[in-house]
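Asks: Everything below, folded, please.
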Amino acid sequence: MANNAKIGILRWEGGHVPQGLMQLEQLKGNSTNPESYPFPVDMREVKGACTETIITHPSQEVMNRMIEIGKEMQKDGVKAITGSCGFNAIFQKEIAAALDVPVFMSSLLQVPFVANIIGKENTVAIMTAYGSRLTREHLECCGVTDEKVEILGLENCPEWNSIFEKEDEPVDMALVEKEIMTTATEAVKKNPSIKAFVLECTDLPPFAKPISEATGLPVFSINTLIGYIGLMLGEVKLY
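Replies: Residues are numbered from 1 along each chain as shown. Just a heads-up that it's a prediction; the model follows:
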């Protein structure tokens with residue numbers, strides 16, 4: 001176990017990540033960058049975990065590997081387990097049932113909480129890498145039922161989309177950030193009932209502060225969720 005870490009992160013297999021995502025992983029705030037956390041985390045690769053097996057065609061075999069690794073983490077003293085992709089939401093119930101420590105596989109688990117604090121009559125904007133792939137099942141697996149949500153998919157942003165269409169090519173990070181910011185600000189202009197953002201994608205937390213500053217709205221991500229758990233485990237102290 002890494003440095004007596006209490007929180008474990010199940011991450012995609014190395015060598016199966018597009019060049020653009022590797023660039024995003026280097027940003028502080030990204031879920032797979034150890035510098036994103038004020039405490040040690042235990043990151044372990046899951047063989048076969050990639051865009052195909054997590055996002056486009058969720059694999060039960062990969063989910064079972066996550067459970068196996070999760071059990072190993074438990075034996076090593078890890079007290080809570082998360083993942084490196086919000087689309088792991090589809091596995092939330094099965095993995096949580098199989099392990100004996102708290103499991104929080106997706107930032108989408110925060111949507112009911114966020115809806116309640118902004119008022120159920122308002123809208124939670126969910127920003128995701130693939131809006132067309134984020135289904136009602138993903139939401140329901142995280143307890144999202146009658147909450148008002150608006151899905152903001154980034155697949156129509158040319159530079160962002162090139163991450164997945166041109167996997168071996170680098171991306172213009174400044175342009176990616178501009179596309180993300182435009183998506184957020186335009187959504188609020190079109191729908192004034194949006195009162196908060198939840199970033200489904202674990203590559204988006206580095207842009208949380210700029211989104212909040214541009215829209216004046218709170219932004220939640222996998223990192224805010226990890227922060228809650230870190231507080232619970234005593235890794236973060238308020239007093």
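
Asks: what are the ranges of the helices in the chain?
Replies: Per DSSP state H, the chain carries helices over the ranges 19-25, 60-75, 92-98, 111-118, 136-141, 158-165, 173-190, 208-215, 222-232.

Asks: Mind checking the ones you listed for the one nearest to residue 46?
Replies: Smallest distance to residue 46 across the helices of the chain (C-beta to C-beta): 5.2 Å, for helix 60-75. For glycine as for every other residue, the C-beta is placed from the backbone atoms N, C-alpha and C.

Asks: Identify each buried residue in the closest one, please.
Replies: Buried positions in helix 60-75, judged by neighbour count with 16 or more other C-beta atoms under 10 Å: 62, 63, 65, 66, 67, 69, 70, 73.

Asks: Output those as CSV; include the columns pLDDT and distance to residue 160.
Replies: CSV is the format used below for the buried residues of helix 60-75 (pLDDT from 0 to 100; distance: C-beta to C-beta, whole Å):
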residue, pLDDT, distance to residue 160
62, 98, 24
63, 98, 27
65, 98, 28
66, 98, 26
67, 98, 31
69, 98, 29
70, 98, 30
73, 97, 32
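
Asks: between the helices of the chain, which gets nearest to residue 9?
Replies: Of all these, it is helix 222-232 that lies closest to residue 9, at 8.4 Å by C-beta to C-beta.

Asks: Let me know the angle separating the closest one from helix 208-215.
Replies: Interaxial angle, helix 222-232 versus helix 208-215 (axes from the mean of the first three to the mean of the last three C-alpha atoms, to 10 degrees): 120 degrees.

Asks: From the chain's centroid, how far away is helix 222-232?
Replies: Chain-centre distance of helix 222-232: 12 Å, with C-alpha atoms, centre = their mean, to the nearest Å.
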